[in-house]
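K.L.:
no sequence for this one, just the structure:
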């Protein structure tokens, strides 16, 4: 006897009834004057926690009960369906739930860490080169408006460097629309960018760090590495897949604010880029070894880049502004800064914020180029 | 806590909603959903959605009878797949060509009102109480009319500005007129937003049905103007307070410390401590007042819904939910959802006139899940 409520399907009137069933599969109600119905014609909702169960009859009537145990018992006796209630069995087995928590955390992590990058890499390599060229057209325009101003390098210097760059491209397949551009970095300071359409931008500040042109070449190769490996396309696909993944998993998070969904994205985004930096480094290193360029140049530039963010360097550069022999003095500024930063690094050890920084620890990177 | 009083001869009984869901129980359902979703590469997500909704509906009781969610997972899956394909196309197109992307965005925007109607219809038709379905009239022309008005006004505004700009450019040496346009725009938005919100809420309520009984909505535009006005007044008062506070506190610190920049170092933290809670509070304030305004004005064949959400408690819920989820990387999400649902149910009730047995069921027709899934995929906020 299962106690519950009966709704005839025509109105919302509720009747308290008790349901009975027989060995031969006939189901009926004690209080109602209706024919017994075959169990096989009744649709029984699957169990979800301790929410009510619903039995739907062919004539549109519905029986609702909280007595889940009795319904389960009836289903077991009368139905031959091992799949009925499978999800609930899984959900109510404590050991299975614990196992699932562990699996979800581990698989989720593996998927984000390795699955998505590998998948994005495959897709990025399958897509034609045009895809990355179209992508993000106008990135440079946006950067020009936001940060950059016109380069202050002399035309002669720009031509020299462009010639160097084009010399490199001769040995690189599929590089015909790669081009070099110069901008005054301003707030961005010493830096270089590989834009999806094949444009590589160097800031004047970066050029001014170099004592020899081969130092600049090593950075050019690193940026070409980013282009060759379709990194911007990959990053976009990764971002997209990750957003989809987070959306599917969390379903809806309207019970709190949406920062929660941004956090895994942020954490992993930085991890992704580390990977790509290493790849671009490898590309640069390989090229240099093949074409007899000293890889030390790259390590030197990395060192200088790091040192250029020190306040002492900024002060030094401001002091020499407008004086004669500026180029020589600028080199002295950066070399002093490098020395200073080396001394400081020996004092306090590697920072713990490694995971949160976009670039792999610079020391590791420099070491790769020095060992050779 | 049922209370009785009599009105026009019928007995009015206040029946509260109850929510009987438990965090631990839902956690198990949720984590199994997540695991199966990952293992099936997202396909199970449709079943997961249905089970989650069924858990919440089934644990929501009114007059000791539960609500029931009857959507078919296969239908949701179909909607999801179509929406996903369209989303990928949209994403690819807007990355390849911003112009085509803008075109696709425009088309999507044109479809938003239709998605809204389809989504409401899908949700309500799959909601059952006492074996009687809810329903929603698919009145497409009505919803497009409501959406058309702000579009027309904004287009007119842009047209006027561009005309004006041209004439300014023609007359040399004119003063820049930028601030006036901004004020006009703000004014237009303030005038239109409350009215528009009323129109769309009214539309949703008036086209909803339980069985064959229509919903009626007794709020007026006045209520919505009042809600927005209060928000603006609070914002102004807060900005003024912040301004005075800053003007008062900064000199104090300056005299104490030798370095004038000392206070400036703490400025971002100070801003964070003061402004973020305020932002959360105003968010909670608008959400609770909106919900209360909606549910305190719905009448279904003489039965009136009531809602008494409190801003302070909602803010406390948002804050603790967010913190809990942050600290556990999302594992506390089930807990957050359950306690929010429990609180909402505890302050919602129905003034039942007589009893709830006289509603007549109506045969349900088939409703596609595409509208709802498009809404979810493109992050449009549809439904109640």
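P.N.:
Now that the structure is in, tell me what you want to look at. The model shown is predicted, which means the values in this text are computed figures rather than measured ones. Residues are numbered from 1 along each chain as shown, chains lettered A, B, ... in the order given.
K.L.:
Can you show me the strands along chain B?
P.N.:
Secondary structure of chain B (DSSP state E): strands at B:3-7, B:10-19, B:60-62, B:65-69, B:127-129, B:132-136, B:208-210, B:213-217, B:298-300, B:303-307, B:348-353.
K.L.:
The longest one: how far from the chain's middle?
P.N.:
Put plainly, it is strand B:10-19. Computed by CA atoms, centre = their mean, to the nearest Å, the chain-centroid distance of strand B:10-19 equals 26 Å.
K.L.:
quick one: low-confidence ranges for the stretch 101-250 of chain B?
P.N.:
The model of the stretch 101-250 of chain B has pLDDT under 70 over residues B:168-178, B:249-250.
K.L.:
near chain A, which residues of it?
P.N.:
Proximity of the stretch 101-250 of chain B to chain A, by CB under 8 Å from any CB of the partner chain, involves residues B:129-132, B:211. Where C-beta positions appear, they are placed from N, C-alpha and C, glycine not excepted.
K.L.:
ok, and the most crowded of these?
P.N.:
Using other CB atoms under 10 Å in any protein chain shown as the neighbour criterion, residue B:131 leads these with 27 neighbours.
K.L.:
can you tell me which residues contact it?
P.N.:
Each residue near residue B:131 by CB atoms under 8 Å, 6 or more residues apart in numbering or on different chains is listed here: A:7-9, A:12, A:60-62, A:64, B:361.
K.L.:
6 Å - rerun?
P.N.:
Counting by CB atoms under 6 Å, 6 or more residues apart in numbering or on different chains, residue B:131 makes contact with A:7, A:9, A:62.
K.L.:
Rounded mean pLDDT for stretch B:51-71, please.
P.N.:
Across stretch B:51-71, pLDDT averages out at 93.
K.L.:
List the contacts of that stretch.
P.N.:
Residues outside stretch B:51-71 that contact it (CB under 6 Å, 6+ apart): A:48-49, A:51-52, B:15, B:17-21, B:29, B:50, B:126, B:128-130, B:341, B:356.
K.L.:
Quick check: residue A:27 touching residue A:18?
P.N.:
No. With contacts counted by CB atoms under 6 Å, residue A:27 stays clear of residue A:18, the gap being 11.7 Å.
K.L.:
Tell me which of these two has more neighbours.
P.N.:
Set residue A:27 next to residue A:18 and count neighbours by other CB under 10 Å: residue A:27 wins out with 21 against 15.
K.L.:
Report the spatially closest residue to the more buried one, excluding sequence-adjacent ones.
P.N.:
Nearest residue to residue A:27, sequence neighbours excluded (CB to CB, 6 or more residues apart in numbering or on different chains): residue A:21, at 4.7 Å.
K.L.:
tell me the helices in the stretch 101-250 of chain B, going along the chain?
P.N.:
For the stretch 101-250 of chain B, the helices defined by DSSP state H, counting those that start in this stretch occupy B:140-170, B:178-206, B:221-256.
K.L.:
Residue A:50 versus the residue nearest to residue A:27, what's the distance?
P.N.:
With distances taken as CB to CB, to the nearest Å, residue A:21 is found 22 Å from residue A:50.
K.L.:
between the two, which one's more packed in?
P.N.:
Just comparing residue A:21 and residue A:50: by other CB under 10 Å the higher neighbour count belongs to residue A:21, 20 against 17.
K.L.:
Keep only those of the contacts of residue B:131 that are also close to chain B.
P.N.:
By CB under 6 Å from any CB of the partner chain, the members of the contacts of residue B:131 lying near chain B are A:7, A:9, A:62.
K.L.:
Report pLDDT for the first one.
P.N.:
To tie it back to what came earlier, the one meant is residue A:7. pLDDT for residue A:7: 93.
K.L.:
hang on, the earlier thing: quick check: the residue nearest to residue A:27 touching residue A:30?
P.N.:
No. Counting by CB under 6 Å, residue A:21 does not reach residue A:30; the two are 11.7 Å apart.
K.L.:
just checking, what packs against the helix or strand encompassing residue A:367?
P.N.:
Per DSSP states H and E, residue A:367 falls inside helix A:362-371. Counting by 3 or more CB pairs under 6 Å, 6 or more residues apart in numbering or on different chains; DSSP states H and E, the packing neighbours recorded for helix A:362-371 are helix A:296-307.
K.L.:
for the helix it packs on, packing partners?
P.N.:
Against helix A:296-307 (3+ CB pairs under 6 Å, 6+ apart) you get helix A:213-228, helix A:326-347, helix A:362-371.
K.L.:
mind listing what's buried in it?
P.N.:
By neighbour count on 16 or more other CB atoms under 10 Å in any protein chain shown, the buried set for helix A:296-307 is A:296-307.
K.L.:
The helix or strand following that helix to helix A:326-347, inter-axis angle?
P.N.:
The helix or strand immediately downstream of helix A:296-307 is helix A:311-320, counting by DSSP H and E. Orientation of helix A:311-320 against helix A:326-347 (axes from the mean of the first three to the mean of the last three CA atoms, to 10 degrees) gives an angle of 160 degrees.
K.L.:
other SSEs contacting helix A:311-320?
P.N.:
If contacts are counted by 3+ CB pairs under 6 Å, 6+ apart, helix A:311-320 sits against helix A:326-347.
K.L.:
Mind giving me the packing neighbours of the helix it packs on?
P.N.:
For helix A:326-347, the packing partners by 3+ CB pairs under 6 Å, 6+ apart come out as helix A:296-307, helix A:311-320.
K.L.:
In CSV, list those helices along with distance to residue A:147 and mean pLDDT.
P.N.:
Converted to CSV, those look like this (distance: least, CB to CB, whole Å; pLDDT from 0 to 100):
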stretch, distance to residue A:147, mean pLDDT
helix A:296-307, 17, 89
helix A:311-320, 17, 85
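K.L.:
The stretch 51-200 of chain A against chain B: which residues are in contact?
P.N.:
Within reach of chain B by CB under 6 Å from any CB, the stretch 51-200 of chain A has these residues: A:51-52, A:62, A:90-91, A:97, A:100-101, A:103-104, A:107, A:134-135.
K.L.:
quick one: which of these sit in strands?
P.N.:
Short answer: these in strands (DSSP E) are residue A:62.
K.L.:
Closest one of the residues of the stretch 51-200 of chain A next to chain B to chain B?
P.N.:
Distance to chain B across these (CB to the nearest CB) is lowest for residue A:51, with 2.7 Å.
K.L.:
Report how many residues lie close to the closest one.
P.N.:
Here the number of neighbours of residue A:51 (other CB under 10 Å) works out to 25.
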